[in-house]
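Asks: Below is the sequence, then the predicted model.
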Amino acid sequence: MTTVPDPGERFARALETAPAMEDTPWTPLGKPLHDCRVALVTTGGVHLKSQTPFDLSNDGYDWSYRAIPSSVAASEMMVTHNHYDHAHVDQDVNFMLPIDRFREMVAEGKVGSLGHRYFSFYGYICDPQSLMATTAKEVATHLKADGVDAVLLTPA
C-alpha cells in the first residue's frame, strides 16, 4: 500500500477539482520574435532579496506574485520555495528565470525587447481556482499593459 504525503494528497485533490479546459488556451504569435516584447513568468518562487518572501507557512495556498524589474541583476534575486531542489537556482537564478540569456537574445537581435518587469509565483498551489480568479488575472492585465507580445513560462 502506498501512502501519499499530506502535501501531495492536497495537491492531488486540488487537481481533481480543477476546471476542465475544452481547448488548450493558445494565441499564435502575430509577428516575428525579433520584433516582439517578451516577458518571463516563473512558478519557481523567485523574488528580489528586498521583497517579502513567499509564505511557506501557508503552504499550497499562497497564490501571490512578485513583480521583478527586468533590469535587475541576477545577484539581487533569491528563491523561497520548498517543493523542489533549487540548489542550482540558488547559485545562478538563470536556471529558473533566464534573465541574462534573454538580455543576450535582445542584444543579438533574436528578441525585440524585454518587458520592463517579470512575474514570479510560488507555484505549489492547492487552490488553482483562486489563483486563476485573482492573481493570474492581475498578472495577465499587467503583461497586456506592458505591451508584452510573448511570455516564457518556466515551471518549478
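Replies: Structure's in. What do you need?
Asks: rest of the way, CA atoms for contacts and neighbours
Replies: Fine.
Asks: quick one: the residue nearest to the spatial centre of the chain and residue 118, what's the gap?
Replies: The structure's the chain has its C-alpha centroid closest to residue 42; by C-alpha atoms, centre = their mean the separation is 1.9 Å. Taken as C-alpha to C-alpha, to the nearest Å, the spacing of residue 42 relative to residue 118 amounts to 8 Å.
Asks: and the helix or strand where residue 89 lies, average pLDDT?
Replies: Taking DSSP states H and E as the criterion, residue 89 maps to helix 87-91. In this model, helix 87-91 carries a mean pLDDT of 86.
Asks: same question, stretch 122-130
Replies: Stretch 122-130 shows an average pLDDT of 85 in the prediction.
Asks: residues in contact with residue 62?
Replies: Residue 62 makes contact with 54-56, 122, 125, according to C-alpha atoms under 8 Å, 6 or more residues apart in numbering.
Asks: And for residue 74?
Replies: 92-94, 99-100.
Asks: 7 Å instead, please
Replies: Contact criterion C-alpha atoms under 7 Å, 6 or more residues apart in numbering gives residue 93 as the residues in contact with residue 74.
Asks: For it, give its distance to residue 53.
Replies: Between residue 74 and residue 53 the computed distance is 16 Å (C-alpha to C-alpha).
Asks: Pick the one among the contacts of residue 62 closest to residue 145.
Replies: residue 122 (22.8 Å; C-alpha to C-alpha).
Asks: Tell me the spacing between the closest residue to that closest one other than its chain neighbours and residue 111.
Replies: The shortest distance from residue 122 to any non-neighbouring residue, by C-alpha to C-alpha, 6 or more residues apart in numbering, is to residue 45 (4.2 Å). Using C-alpha to C-alpha, one obtains 25 Å as the distance from residue 45 to residue 111.
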